[in-house]
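# Let me see the structure of the following:
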Amino acid sequence: MKSQGQKSRNITAGKDLSLTKNYFEKNTNFYLVLIVITTFLIFSPCLKNGFLIYDDVENVTDNVHITSFSLQHIKTFFTLPLLYMYTPFVYISFAIDYKISGLNPVIFHLSNLLLHLLNVLLVFLFVKLLTKKKETAFITAVLFAVHPVMADTVAWISARSNLLFTFFFLSSLIAYLHCLENNFRLKFYFFSLLLFLFSCLSKSAAIVLPFALLLIDYFKGRKFQVKIIAEKTPFFLVSIAAAAITLYVRTDASASHTSFTYSLSDKFFILCYSCFAYPMRFVLPINLSAVYSYPAKINGTLPLLFYAAPFAFFIATVIITSIKKNRKEICWGVLFFLLNIVISLAGFLEDGFSANRYAYLPSVGLFFIIGNFYSVLNTKKNYLILVSAFVIASGILSYHRAGIWKNNLSLFNDIIDKQPDHAFAYNLKGIAQYDLKEYAFAVDDYSRAIELNKNYPEAFYNRAISRYALGEFSKSMEDYSEAIALNPESAKSYVGRGIIKMNVLKEYNNAIDDFDKALQLDPFMPQAYYNRGLAKLRTEKTTAACKDFRRVKQLGYSQADELIQKYCN
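Modelled structure (predicted):
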């Protein structure tokens, strides 16, 4: 028989559970509105931020293709990569922003923030449909909404692809859940497939969605049969096509420009370490940085912690599989996180080591685990206090972090403060100094980047530009040549060197050779056509020069318009 005390505790626990359930059932809409308003206020500093030289120039301010919805530009959206990425929907979203306000950064930042708010609601709806537990969905959505790791995606205009693909990715998963709940009605199935296609057209990381659908089948207890594979076949076909396009355009993959060459085994250990770094960052979100330094190899080996990471994975797997209560929920959350994080890390991009922006969608898996704990606790009061305190602290940190992206120097100085040995950050800061016409300071920053990484072609290229501005033409020529030696595929370095040969040395034919080489590497480079046209004009090859000037105009640039009017009519 149970004692009176035991009965009392059971009654109290049952009452606590009932009251909590009614609490969420009756007030869900009110608290969702409260989340949206609070999240908007937390990230409102973004609306004061400007455009950054960190990809915003190429994506927006110098991107003539977003200035109209002409047939030529629409064709460009779907045929021309944007910063090595096939993201036609990102082109379209930027074009809409431009249509509304021109180059007003407030509208571009507002679009990012609104997309984040929509994604918060989609996270809630997705988890509610998956688990049938509003309280789990609510906590998952709150953590996703305000966590400071999200700030790098929300506050950076060029992270639009992350926000867009997540929007369509979650929408596709929600449509699939409706499909399962409605006896596999085809309209939901095809709607899910269409939304998946939209997600792939926003960012290539979406290609893992078919596996996410299999995770949903696992969570819902569907038996693994031929039927399930057949259902997913159209999704896998879209995924394969998107992956093929990505491999074709993503020519910067593995170009981390670190001082070290990583072997395949090195990359395995780095990936394992990164996967563990993110959960730690979610639990203790301090000292966050927009980019992180790749690990240094000492005597050909990585730091010990990187080699320990696979063993930590093994131990974590053993612990999770030994858990009986809530094992399925924990496994689902971990697998959803790993599935979506690994695909982003695999490219080993220059600024891609453990970057916060990669954790935007994957974080749903980890927050889901935290939210699910709430639904199975008998006593929820202490847990609610702990989560509430964490959410408040996260909101304060996110508000501060959103402001760090205000301008170039505020961002790059923050990176250098937290990653003082990061050559990439010094290179970016040098570009910011150049934009301010502080050419000598820019040279100092590029030189520091080269000191940290002697095999950094971008830093040599950028230092060459600053030295040219300072009138140090011979040093500029040396830097361009070094950039070409380190990266023979750099079309812009050939253009830069060609300009010195043309304008300073008056070696027009040699300059034309450099411009020819640049156009072999990049046939769509207007600067190369323009400068080659100038060199031909100076050697009295007017017809050939006009052909180059007209090509500049065809590419959407007005740089050569006056020359066409003067020499080519």
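
# For stretch 502-521, what does the pLDDT average out to?
The average pLDDT for stretch 502-521 rounds to 96.

# Show residues contacting it.
473, 489-492, 494-495, 497-499, 501, 525, 528-529, 531-532, 534-536, 538-539 (Cβ atoms under 8 Å, 6 or more residues apart in numbering). (C-beta placed from N, C-alpha, C; glycine too.)

# Same check on stretch 70-87?
Stretch 70-87 has contacts (Cβ under 8 Å, 6+ apart) with 55, 58-59, 63, 65-67, 88, 90-92, 95, 158, 161, 164, 201-204, 242, 245-246, 249-252, 524, 556.

# on that earlier part again, now intersect the contacts of stretch 502-521 with the helices, please.
Residues of the contacts of stretch 502-521 located in helices (DSSP state H): 473, 491-492, 494-495, 497-499, 501, 528-529, 531-532, 534-536, 538.

# what are the ranges of the helices in the stretch 51-200 of the chain?
Listed in chain order, the helices of the stretch 51-200 of the chain (DSSP state H, counting those that start in this stretch) span 56, 71-79, 88-101, 105-131, 134-146, 151-154, 160-181, 186-200.

# Tell me how many other residues surround residue 366.
23 (other Cβ atoms under 10 Å).

# same check, this time on residue 37
Residue 37, neighbours per other Cβ under 10 Å, totals 11.

# and what of the one 5 residues further on?
By other Cβ under 10 Å, 25 other residues sit near residue 42.

# Next, the contact list for it, please.
Residue 42 sits next to 146, 395, 398, 399, 402 when contact means Cβ under 8 Å, 6+ apart.

# Tell me the confidence at the second one?
Okay, so that is residue 395. With respect to pLDDT, residue 395 scores 95.

# Looks like it contacts residue 38 (just checking).
Yes: using Cβ atoms under 8 Å, residue 395 is in contact with residue 38, at 7.0 Å.

# Comparing those two, which residue is more hemmed in?
residue 395 (20 against 15).

# Just the mean pLDDT for the host helix or strand of residue 216, thanks.
Following DSSP states H and E, one finds residue 216 within helix 209-219. Helix 209-219 shows an average pLDDT of 96 in the prediction.

# between it and helix 105-131, how big is the angle?
Per axes from the mean of the first three to the mean of the last three Cα atoms, to 10 degrees, the angle that helix 209-219 makes with helix 105-131 is 30 degrees.

# What is helix 209-219 packed up against?
helix 160-181, helix 226-249, helix 327-345 (3 or more Cβ pairs under 8 Å, 6 or more residues apart in numbering; DSSP states H and E).

# Taking the ones in helices among the contacts of stretch 502-521, please make a PyMOL selection of just the buried ones.
Paste this into PyMOL to select the buried members of the ones in helices among the contacts of stretch 502-521, with burial taken from 16 or more other Cβ atoms under 10 Å:
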select buried, resi 491+492+494+495+497+498+499+501+528+529+531+532+534+535+536
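
# give me the number of residues near residue 275?
20.

# Which helix or strand lies directly C-terminal to the one helix or strand it maps to?
Mapping residue 275 onto the secondary structure by DSSP H and E places it in helix 264-283. Next along the chain after helix 264-283, taking DSSP H and E as the criterion, comes helix 304-322.

# Pull the residues that contact that following helix.
Contacts to helix 304-322, defined as Cβ under 8 Å, 6+ apart, come from residues 268, 269, 270, 272, 273, 275, 276, 295, 327, 330, 331, 334.

# Any of those residues buried? List them.
For these, a neighbour count by 16+ other Cβ under 10 Å gives the buried set as 269, 270, 272, 273, 275, 276, 295, 330, 331, 334.

# And those residues, which is closest to residue 352?
Residue 352 lies nearest to residue 270 out of the buried ones among the contacts of helix 304-322, by Cβ to Cβ, at 10.7 Å.

# Return the distance of that closest one relative to residue 296.
Distance of residue 270 to residue 296, computed by Cβ to Cβ, to the nearest Å: 12 Å.

# a markdown table for the helices of the stretch 51-200 of the chain, including mean pLDDT and distance to residue 565?
Shown next, in a markdown table, are the helices of the stretch 51-200 of the chain (pLDDT from 0 to 100; distance: least, Cβ to Cβ, whole Å):
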| stretch | mean pLDDT | distance to residue 565 |
| --- | --- | --- |
| helix 56 | 91 | 32 |
| helix 71-79 | 86 | 21 |
| helix 88-101 | 94 | 27 |
| helix 105-131 | 97 | 33 |
| helix 134-146 | 94 | 54 |
| helix 151-154 | 96 | 45 |
| helix 160-181 | 96 | 37 |
| helix 186-200 | 96 | 43 |
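
# Can you work out which residues contact both of residue 395 and residue 38?
With Cβ under 8 Å, 6+ apart as the test, residue 395 and residue 38 both reach residue 146.

# how close does the residue nearest to residue 369 when sequence neighbours are not counted get to residue 216?
The shortest distance from residue 369 to any non-neighbouring residue, by Cβ to Cβ, 6 or more residues apart in numbering, is to residue 333 (3.8 Å). Distance, residue 333 to residue 216, by Cβ to Cβ: 13 Å.

# These two: which has the busier surroundings?
Taking other Cβ under 10 Å, residue 333 and residue 216 do not tie; residue 333 has more neighbours (24 against 18).

# wait, the more buried one sits on residue 363?
No: with contact taken as Cβ under 8 Å, residue 333 and residue 363 are classed as non-touching, separated by 10.3 Å.

# picking that back up, can I get the buried part of the contacts of stretch 70-87 as one PyMOL selection?
Selection command for PyMOL covering only the buried members of the contacts of stretch 70-87, criterion 16+ other Cβ under 10 Å:
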select buried, resi 55+59+63+65+66+88+90+91+92+95+158+161+164+201+202+203+204+242+245+246+249+250+252+556
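
# contacting residues around residue 427?
Taking Cβ under 8 Å, 6+ apart, we find residue 427 in contact with 445, 446, 449, 456, 458, 459, 462.

# Now, those that are in helices?
Per DSSP H, those map to helices at 445, 446, 449, 458, 459, 462.

# The last one: how many residues sit nearby?
Meaning residue 462. Residue 462, neighbours per other Cβ under 10 Å, totals 25.

# again with the fifth one
Burial measure for residue 459: 29 neighbouring residues, criterion other Cβ under 10 Å.

# Which other helices and strands does the helix or strand harbouring residue 548 contact?
According to DSSP H and E, residue 548 maps onto helix 542-554. Helix 542-554 is packed against helix 526-538, helix 561-567, with contacts defined by 3+ Cβ pairs under 8 Å, 6+ apart.

# if we go to 10 Å?
If you count contacts as 3 or more Cβ pairs under 10 Å, 6 or more residues apart in numbering; DSSP states H and E, helix 542-554 packs onto helix 508-521, helix 526-538, helix 561-567.

# List of residues touching the shortest one?
Translated: helix 561-567. Outside helix 561-567, the residues within contact range by Cβ atoms under 10 Å, 6 or more residues apart in numbering are 530, 533-534, 537, 542-543, 545-546, 548-550, 552-553, 558, 560.

# Among the residues you listed, find the lowest-pLDDT one for me.
Ranked by pLDDT, the contacts of helix 561-567 bottom out at residue 558, which has 84.
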